[in-house]
Structure formats: structure tokens, C-alpha cells
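Novice: next one to model:
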Amino acid sequence: MDRLRAFEVFVTVVDRGGFARAADALDTSPANVTRYVNELEAHLGTRLLNRTSRKLSLTEGGETLYSRCKTILDDVAETEGLLSATSVEPRGRLRINAPVSFGILHLAPLWPRFMQRYPEIELDIALIDRVVDIVDEGFDLAIRISRAGPTDHAARKLATSKNVLCASPDYLNAWGHPEMPADLLAHRCIGYTHAATGNAWQLIDGNAKSHTVEVNYRMHTNNGDTARAAALAGRGVIWQPTFLVGDDLRAGRLIRVLPQYRLPDIDVLALYPSRRHVSAKVRVAIDFLVDAFAGVPPWDKT
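Specialist: This next block holds a predicted model:
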């Protein structure tokens, strides 16, 4: 029995909460997963898992082994990562999650160059706007647009994007230009469903004083491109990042609203499960993206 592989299978079964899910994560069959766990229990002479048709739980011995196996596997992965960065060509399937609009506009053009540079890496890109659990859903890397930053994962900052209020010239000609934050209450606003602050728009004046306005939404959507399209059609005022509307502002299709106020910036982050368990493929992907977004980001160039 390959004990290191058995440890890996056992830990994956526990982390994923089942044999079938572990098999998917390990790219093997449920029968193989069951065999490894059975052989490990036979070798140790103790039951590690309590199994029922609906639930799987650790025995006391299983809890002890799980804790030790996690440490062992982390140490092995860290050692391999140190060596693979310089001596092993990155290879294998790399699952990446990114928000839809950012993924289409700013990541999609980069992937062909990445594929040419690392031909042994198989990319699996999933564009999803909701916040995914990168461990539970099996992602190696996630690109997150965030004001608050990560709380439970390792992260590396790729870039910063400004937030702006803007609307089309036709809309502003019809409804007027707001002069102060409170004026937004008389305007049609288009909201973003995943915004952390809901309909509370925070603007900061030149004296660093914050002004919060709870605007009235004529429409809200879970996709930034949909909000942008509505604004371009003259349907209202939007709060969106410059990575989405930068070209529209430069072309005059959208115009800044309340430009004397600024909005909180947002960071573009690369998230990965653990600093101690970084494979070569994840390491080179992060370095590639850091280099791609170095300096002034493309969406803020004049």
C-alpha cells in the first residue's frame, strides 16, 4: 500500500465529506477511494470513519490520524513547491474562478499567452459572479474583486480599480447633473446585487469626510455588464469599477457623476487556499498575472 497516497485519499474524503466527492477531486473512481481507506484501516487495525447512507464522521482514531495527515501532506506539498518552482515544469489541470465581466474583459486576452508559456498546464476557467468557496468547490485559484480583502485564504494583490458614479449624456441632459450626494435621491439609480453595502452609496469629499446616501434603485442586477448596458441606454446612474466602464468614460459614452467626490477603491486579488500548499502551476499563474497587471492597470490608462 502506498501510505502517502492513502493519507491523501483519507484526508480528501474527510474534507469533501464523502467518497464520491473525494473521487471527483482526486480524478479517480469511488471504488479506488474505498479501497485505499479500507486498506489504511486494515493496516492500522482500527476504524477511521463511521459510515452511514447519509453521513460520514470521524472516529476518535480517525480524528487523530486526520490531524497528523494534514500536517504531513502540507509539509510534503511545501517541500515539493520549493523544488518545483525551479526544477519541475509546471503541469496539470489548473482550475481558476473569476468574476464574469472581469474574466471576459481583462483575463481572457491573457490566457493564450499563458498557454503558450506553460504548455503542460491545462486551464479550466469558470466565470462566476458569486463568491465561491475555493476549497469546497475545488478551485486552485480565484480572482476576487474586493474592498475588504480576504479573511480565510492566502492572497496576492494584482491591481487596484477605482469605483466611479457615471451616467450617459442623454440621461444627464434629461435629469440634470447632481451637485451633492443627497441629490442622488431624486435620480434613477441602477444597483449591483453583490455590492457589499447594498443600496448605501458612500462618497468621500475633498476633506476625507464620508457621505452615505441610500439611493432608490430603478433596477438592480447581479452582472456589471447589464448595469453598464442600462446606463449606456440612458436608464440611470451606476456605481461601477473603471475596469468595466473605463473605455466608456474615455470615449464620452458615459460621464462621471459627482466627480468632486471619490468612492472607495477595490483590489483585484488572486486567492489560493494556503501559503503552505502552493503547487508550481498555481505559483506560476499568480506570478504571470502580477506581471500582466504591473504598473498602471489598463483600465485606468489615459
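Novice: where along the stretch 51-200 of the chain do the helices fall?
Specialist: Along the stretch 51-200 of the chain, the stretches classed as helices by DSSP state H, counting those that start in this stretch are 60-87, 100-102, 111-117, 169-175.
Novice: so which of those gets nearest Ser161?
Specialist: helix 100-102 (8.7 Å; C-beta to C-beta). Heads up, the C-betas are built off the backbone N, CA and C, glycines and all.
Novice: for that closest one, buried residues please.
Specialist: 101-102 (16 or more other C-beta atoms under 10 Å).
Novice: avg pLDDT for it?
Specialist: Averaging pLDDT along helix 100-102 gives 93.
Novice: show me what it is packed up against.
Specialist: helix 224-232, helix 242-251 (3 or more C-beta pairs under 8 Å, 6 or more residues apart in numbering; DSSP states H and E).
Novice: dump the helices of the stretch 51-200 of the chain into TSV; add distance to Arg262 as well.
Specialist: Below are these laid out as TSV (distance: least, C-beta to C-beta, whole Å):
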stretch	distance to Arg262
helix 60-87	39
helix 100-102	21
helix 111-117	33
helix 169-175	19
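Novice: what's the closest of those to Gly17?
Specialist: helix 60-87 (12.8 Å).
Novice: save the helices and strands packed on helix 100-102 as a markdown table, and put in distance to Thr46 too.
Specialist: Below are these laid out as a markdown table (distance: least, C-beta to C-beta, whole Å):
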| stretch | distance to Thr46 |
| --- | --- |
| helix 224-232 | 53 |
| helix 242-251 | 54 |
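Novice: would JSON lines of those helices with distance to Gly92, mean neighbour count and mean pLDDT be doable?
Specialist: Conversion of the helices and strands packed on helix 100-102 to JSON lines gives the following (distance: least, C-beta to C-beta, whole Å; neighbours: other C-beta atoms under 10 Å; pLDDT from 0 to 100):
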{"stretch": "helix 224-232", "distance to Gly92": "32", "mean neighbour count": "19", "mean pLDDT": "96"}
{"stretch": "helix 242-251", "distance to Gly92": "29", "mean neighbour count": "18", "mean pLDDT": "95"}
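Novice: from Leu4, how far off is Gly45?
Specialist: Distance, Gly45 to Leu4, by C-beta to C-beta, to the nearest Å: 19 Å.
Novice: and the two? Which one has more around it.
Specialist: Of the pair Gly45 and Leu4, Leu4 is the one with more neighbours under other C-beta atoms under 10 Å, namely 12 against 7.
Novice: quick one: what helix or strand has the more buried one in it?
Specialist: For Leu4, the element it lies in under DSSP states H and E is helix 3-16.
Novice: can you list contacts of that helix?
Specialist: Helix 3-16 is contacted from outside by 19, 22, 24-26, 32-33, 36-37, 39-40, 43, 48-49, 56, 58, 62, 65-66, 69-70, 72-73, 76, 135-136, using C-beta atoms under 8 Å, 6 or more residues apart in numbering.
Novice: only whichever of those are buried, select them in PyMOL.
Specialist: Buried subset of the contacts of helix 3-16, written as a PyMOL selection, criterion 16+ other C-beta under 10 Å:
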select buried, resi 19+22+24+26+33+36+37+40+48+49+56+58+62+65+66+69+73
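Novice: one step back: any idea which helix or strand comes after the helix holding Leu4?
Specialist: helix 19-26.
Novice: quick one: residues in contact with that next one.
Specialist: With contacts defined as C-beta under 8 Å, 6+ apart, helix 19-26 is touched by 8-9, 12-13, 15-16, 29-30, 32-34, 37, 56, 138.
Novice: what's the closest of the helices of the stretch 51-200 of the chain to Asp247?
Specialist: Of the helices of the stretch 51-200 of the chain, nearest to Asp247 by C-beta to C-beta is helix 100-102, at 12.5 Å.
Novice: so who does the closest residue to His106 other than its chain neighbours touch?
Specialist: Nearest non-adjacent residue to His106, counting by C-beta to C-beta, 6 or more residues apart in numbering: Phe243, 6.1 Å away. Taking C-beta under 8 Å, 6+ apart, we find Phe243 in contact with 101-102, 105-106, 161, 268, 297, 299.
Novice: now Phe243: how far from Glu8?
Specialist: Separation of Phe243 from Glu8 (C-beta to C-beta) stands at 38 Å.
Novice: and for Arg91?
Specialist: According to C-beta to C-beta, Arg91 stands 18 Å off from Glu8.
Novice: more crowded one of these two?
Specialist: A side-by-side neighbour count of Arg91 and Glu8, using other C-beta under 10 Å, places Glu8 first with 19 against 15.
Novice: brilliant, that's me finished.
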